[in-house]
Structure formats: C-alpha cells, structure tokens
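Chemist: Pasting a predicted model and its sequence here:
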Amino acid sequence: MATRKVPKHLRKYTIEQNYESYTAINHAVWRYVMRQNHHTFKDLAHEAYTEGLKASGIYTERIPDVSEMNQCLAPFGWGAATIDGFIPGVAFFEFQANGILPVVAEIRKLENIQYTPAPDMIHEAAGHAPILCNEKYSEYVKLFGEIGKKAIATKEEHDVFEAVRHYSNLLEKGVATEAEIEAAKQQIDEKTKLISGVSEAERIGRLYWWTVEYGLIGTLEDPKIYGAGLLSSVSEGGNILSPDVKKVPFDLETIINTSFDITKPQPQLFVCENFEQLIAGLQEFAKEMAFMKGGKEGLEKAIQSANVATAVFSSGLQVTGIIHDMMTDDNNEPIYIKTLGPTALAYKDQQLNGHETNTHQEGFSAPVGKLKGINQPLEVLSDSELIALGIVVGQNCELQFESGVVVKGKVKQVVKEENNIVLISFKGCSVTYGEQVLFDPEWGMYDMAVGEKITSVFAGAADGEAYYSDAEDTSSDITHNQEQSELDALYQTIRDIRAGIEENPTTAIEKVVEELNTQYPKDWLLRLEVVEVLHQNQWLPELEKEIITHLQKLGEDNPELKALIENGLRIYKKVI
C-alpha cells in the first residue's frame, strides 16, 4: 500500500528528518523511556498499544525513522510526517483528517526525560502511533481531525497559542535565560487574561486533551491507558492507579467544561467504556459547532477569530477569507457579509476558476437572503424565471432583496453548479442599503454570491490546497539537525559495545567510566547503560559496584533523579 503524502498547503509545517544527526544521547533518552514504558505499561496500557508498537515501526533500541513509520502505518490507513514543534490547531487536525500523524523531529533533552510540555518524538511516535493500529480508535482520531479542523478559535486564543509555542520552545531548546523564560511565562499570562468566554476551539481542544492525550478506557476500578500524554510520560502514566488521581466517568459536558494545564500533572482523568463512546460523544459535540449551525452565530465566531474562515451559502458557494463584518436585519438575521484581504470562492471544496485570492485580493462582499416578492430562493430559480427578473447576460437589471439591499448593474456572467445558481457577476454595479453604499461601480467587477442563508461557517479554507498555495509559498526547506558533543562520543562507545562492534569492550568501558568521573560526575544515564552492559556480560564486577554506589549518591543528592535512577537500575540490572 502506498504511503500517504502531505497535502501541498500543509508542507510548510513539515521538516526533513535528518536521521543521522540524532546523537547517541538522543538514542539513549529514547531507549530509557521506551524500556520504562514497556515495563510500566505492559499491564496498564490498552492492549492495542503494546500490539501496535512494532506494527507502527517503533523499536526500543533506536529513535524511529519516520519514513519507516510512514510505510508501517500505511496498512492501517495512516502515514507520518515530521514537523517542527507546535503547529496551529487547524493544521494539526487537518493532518489527522488526512490520515497523517504529525511527528515532531526533536526529542526531549536528558534533563526533560520525564516530561516536556513541548511536543517531541517520544510523545508523538511512542505515544500516538501504536494505538492508531486499532481500527475503531483510528476512526475516532480521523473523525476528530475532520471536525477539529473546522473549530473556530478567537483572536485572543490564537495569540495565546503563539505565546505558548514560544514558551515551550524556550524550555526545550534549553538556551534561554531565566529572565527570557519568565518573560515568556508572563506573556502567556497577559494574553490569557484577554480571553473572555470559551470558544468551540477551546472546548474541542479539551475533548481532545482528555481523550486522545490523557484518556483512560475500561472501568473506574480497572482503567487502561490509551492517551498519548500518559503513554509518553512514565511518571504520570505509571501513577494512574494512585488514589490522588481522580477517575471520572466519560461525560461530554463535564469534559468540555474542564480546563487543563499542560505544565502540571492532571488531577483527574476521564474513563470511557469503549472507543465507540468517544465517537458518539464527538458527533454530539459537533452538532453545536458553527460548521453545523451557520447563521449569525457562526459568522460572529468567525469575525471574533480574525483569522481565515469559510462561510457557506445555501447555494453551496463557499467564501474563504477573513470574515470581517456582517449586517443583520430586524430579526437579527445576516443580510450582508464582508471579508478582508485575500478571498477565494469554492464549491464542494474545489476552488472556482477565476475566483482565486488574486481575483479578490482586497476582500469580498455579498448579500444574503431572498429577493423581494419572490417566494423561492434565487439559487433555485429556473432560466425562464431568471429572464423574467431581467437576469440575462449582457442586460442591465436591478435586484431588490427583502432586507433592503439593492444590486444594480449589467449582468456579465451567471455561474451554476449542479443546477444551482451560486454566483452572478456584474459590470458597472452599485450595491446600496438605504443611504449606505456597499459597492461602487468604480471598484470594478462585482461578483455576487447567491444564497438565501449561511448554512455553515468553519475555520480554515474550503480548498486549502488552492487557497494557501495562492496566498504564500508552501514549501519547506528546513532540516532537523542536532549538535554532537564530547559526551555523545562516550555514549556512542557504549552503544557500539552493546551492538558487538567494539574490539576491546572492557578496556573501552574503563576509559568511558574514567572520563565520566573526571568530566561528567553528574551524568546518570550513561552510568546506567554501563551497569547494564557490565551486569549482562558479567564483566568487571567491582567497577559495576562502584558505578551503582555513585548512582545512588547522585539520587540522594538530587531527589528528582532518585526515582529515575532506581527505575533504571531495576530494569537494567533486574536485581535492585
């Protein structure tokens, strides 16, 4: 089966995985976490997780090659693509709607081995990928992508997203000063305070968090993990049975009204009975979203977002742009809408020829509603009815809408799709509403959208491939890269010994330990790996004891390391 390709307009979020640049420390971090995961989750995770690890191209000994993952996931209807950190929610969900798992190329640093608020290879690959091999869960995640990509966020929420992305990048890259980190945290707080209310994007984000990221399945007494956030955090995932973590039955209303903090362990987790319950909950939630309801409510959400959105007329015409303003009648129904900046028109998610962003570079506007004295919507009128109204190519006509909007001009073109009139173009056109001029003949051609109602409003573009390709360069030439260090060389030596390609392993180990003792007295992970090799091969028992003593002293001096070291010894040596 062919691997899935990333749509062109999403490629700007991707990055080339330079596999050879992963350091020996990177692989050691991966190996430690995966071994801990296997040990911790073999009885706690949903059976689909352990079954799906190898099937999804994920191995304990090395960081995944995303091209291999892409091929391994193909039989399950999925692919994988490497991305560079946080990406906008609309784009993230669109990847999933296309059956593509976005995988961050970076892997967490050793100092963040237990948990990182920034997305990384461990979270995306080890957390998300394996369970996608379960057919019903895969259905849920793809459906979530289809629905989630349409969720509208407010402008303030978009601003918070950018602030959080900046903060998480500072934490993970590890080069920022305390002052820079504090300033980034303060910016998040300042942006967050500007948010009022809870948007549909925030609510569906909560549903995603408490299911795909932190979900449990089964019973309250015997829950199993399927959430990627838990499956990629040994400390938090291994703690699910603790009475300190409240287990709550899956309930849609409770979930969407429960916020979360990505920087802290979760105080409660929601337990679904089965994956079918997740699908039913998501479908129920979708009924209240703007893409299902349209109308004034949907347009208001799009205006508040100040980002690209799509309004769908009852004729089927889709208008994509930044929806900037609308006018309403005495019944509070939309009668006129306006977009700002590059706008494109589409039908059934396919851009109409001649109506790309270059055509409507400065925006677009159109009336909404019925013509005065005409019972049927304009979009369904027959050719003879159009002639009776004077809507004939090459002739002047005047259209009076029930709302009071008046359109006058020479008909240039009538565009139909599947026998529905979706667009009428005018030359020398004026559009007025009482004394207000909505369009002046000097502004050029007036392309009038046709539709009695706005039936749907959703985030993003109807035809993203065309809209974003027209608007900007969508290619990405970024390549993931890691810097090698002297400590990496020591880690690599132990990897080579474990692989059987070091001619004098004990001598090499003694040199590594000597270098660790003189240059890197606080490094604990490589010492664990040395203990493992020594113990399994029954080499240098006295040196093994010395290293264990050193590790125990490190744990006593640093409580954060104590559990990591003890857990590592328990697995590597299998006696402590």
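Modeler: Arrived safely, thanks for sending.
Chemist: where exactly do the strands run in the stretch 451-576 of the chain?
Modeler: 454-459 (DSSP state E, counting those that start in this stretch).
Chemist: mind listing what the spatially most central residue of the chain touches?
Modeler: Central residue of the chain (C-alpha atoms, centre = their mean): Phe92, 2.7 Å from the mean position. Phe92 sits next to 102, 148 when contact means C-beta atoms under 8 Å, 6 or more residues apart in numbering. No exception for glycine: its C-beta is placed from N, CA and C like everyone else's.
Chemist: Below-threshold pLDDT in the stretch 351-500 of the chain: ranges please.
Modeler: 470-483 (pLDDT under 70).
Chemist: likewise the stretch 151-300 of the chain?
Modeler: Checking the stretch 151-300 of the chain against pLDDT under 70 turns up 172-174.
Chemist: what ranges do the helices span in it?
Modeler: With helices called from DSSP state H, counting those that start in this stretch, the stretch 151-300 of the chain shows them at 155-173, 178-193, 200-208, 228-231, 234-237, 252-256, 275-286, 290-293, 295-305.
Chemist: With Thr549 as the reference, name the closest of those helices.
Modeler: helix 234-237 (24.5 Å; C-beta to C-beta).
Chemist: before we move on, back to that, per-residue confidence for the residue nearest to the centre of the chain?
Modeler: Per-residue confidence (pLDDT) for Phe92: 91.
Chemist: distance of it from Ile100?
Modeler: 10 Å (C-beta to C-beta, to the nearest Å).
Chemist: hang on, the earlier thing: ok, and the residue nearest to the centre of the chain, which helix or strand is that part of?
Modeler: Assessed by DSSP states H and E, Phe92 sits inside helix 89-97.
Chemist: pull the CA atoms of that helix into PDB?
Modeler: Coordinates of each C-alpha in helix 89-97 appear next as PDB, following Å, rounded to 0.1, in the frame of the first residue of the first chain:
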ATOM      1  CA  GLY A  89      -4.700  23.500  15.700                       C
ATOM      2  CA  VAL A  90      -6.500  23.800  12.400                       C
ATOM      3  CA  ALA A  91      -3.400  22.500  10.600                       C
ATOM      4  CA  PHE A  92      -2.700  19.800  13.200                       C
ATOM      5  CA  PHE A  93      -6.300  18.400  12.900                       C
ATOM      6  CA  GLU A  94      -6.100  18.600   9.100                       C
ATOM      7  CA  PHE A  95      -3.000  16.400   9.100                       C
ATOM      8  CA  GLN A  96      -5.000  13.800  11.100                       C
ATOM      9  CA  ALA A  97      -8.100  14.200   8.900                       C
END
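Chemist: Can you give the distance from that helix to the centre of its chain?
Modeler: 5 Å (C-alpha atoms, centre = their mean, to the nearest Å).
Chemist: if we can go back for a sec, out of the helices of the stretch 151-300 of the chain, indicate the one that is most buried.
Modeler: helix 228-231 (a mean of 25; mean count of other C-beta atoms under 10 Å).
Chemist: In space, what's closest to Glu51 - neighbours in sequence excluded?
Modeler: Cys133 (6.9 Å; C-beta to C-beta, 6 or more residues apart in numbering).
Chemist: do the same with Leu101
Modeler: Excluding the flanking residues, the one nearest Leu101 by C-beta to C-beta, 6+ apart is Ala80, at 4.7 Å.
Chemist: Run a quick neighbour tally on that neighbour.
Modeler: Ala80: 33 surrounding residues under other C-beta atoms under 10 Å.
Chemist: Look up which helix or strand it falls in, please.
Modeler: strand 79-83.
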